[in-house]
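Asker: sequence plus the predicted model coming up.
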Amino acid sequence: MKKILIVDDEDSFRKSIGSQLKLKGWGVFEAQDGMMGLELAEQHKPDVILSDVHMDIMNGFMMVEELKQNPATSAIPVIMMTSAAQAAGAWNSDIAVDFLEKPFTIAKLLEVLAAAIKK
C-alpha cells in the first residue's frame with residue numbers, strides 16, 4: 001500500500017482528499033500545518049507528500065526546505081497544491097517539487113501522484 005501525507009490547513013479539503021485516496025487504496029496521514037507535516041513525514045516515511053503552499057505556522061515551501069535537509073525525508077517526492085498558479089517567485093525556487101493547481105479532480109491528482117512516485 002502506498003502512503004501519502006496530506007498537509008493542508010483547511011480541514012474539510014484535507015479530509016475530503018484523504019477519504020477519496022483511502023477509497024483508492026492509499027494509506028493516508030494528515031497534517032494541518034508544515035510543522036506537523038515534518039513530524040509525520042519523519043515518523044511515517046510516506047511515498048509522497050501533498051502539501052498546500054499557504055499555511056500558518058510553517059508554509060509549504062519552508063516545510064519542503066526542512067524535509068530536503070533531513071536525510072530521512074530528503075528523497076520523498078512533494079507535490080504542492082495551490083490556487084495561485086505561476087505566482088511570482090514561488091515557481092522559480094530551486095526546490096525540486098511538482099505543482100498541482102487547485103481546484104483539481106481526483107483523476108488528475110492520481111495522475112500526478114503516479115508520476116511523482118515514478119521519478
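Answerer: Perfect, thanks for sending it.

Asker: centroid-nearest residue for the protein?
Answerer: When the chain is reduced to its mean C-alpha position, the nearest residue by Cα atoms, centre = their mean turns out to be residue 50, at 1.7 Å.

Asker: does it sit in a helix, a strand or a coil?
Answerer: With DSSP: H, G, I helix; E, B strand; the rest coil as the basis, residue 50 sits in strand.

Asker: my guess is it meets residue 2, correct?
Answerer: No - contact criterion Cβ atoms under 8 Å: residue 50 and residue 2 do not qualify, at 12.0 Å. All C-beta spots, glycine's among them, are computed from the backbone N, C-alpha and C.

Asker: what's the spacing between stretch 30-46 and its chain's center?
Answerer: Between the centre of stretch 30-46 and the centre of its chain there are 10 Å (Cα atoms, centre = their mean, to the nearest Å).

Asker: what is the neighbour count of residue 117?
Answerer: 12 (other Cβ atoms under 10 Å).

Asker: so what's it up against?
Answerer: 2, 47, 48, 77 (Cβ atoms under 8 Å, 6 or more residues apart in numbering).

Asker: if we go by neighbour counts, what in whichever strand or helix holds it is buried?
Answerer: Residue 117 is part of helix 106-118 when elements are defined by DSSP states H and E. For helix 106-118, a neighbour-count test (16 or more other Cβ atoms under 10 Å) marks 109, 112, 113, 116 as buried.

Asker: same question, stretch 3-19
Answerer: Across stretch 3-19, burial judged by 16+ other Cβ under 10 Å covers 4, 5, 6, 7, 8, 9, 14, 17, 18.

Asker: what does that stretch contact?
Answerer: With contact meaning Cβ under 8 Å, 6+ apart, stretch 3-19 is reached by 21, 26-34, 36-37, 40-41, 44-52, 54-56, 60, 63, 81, 106, 109, 113.
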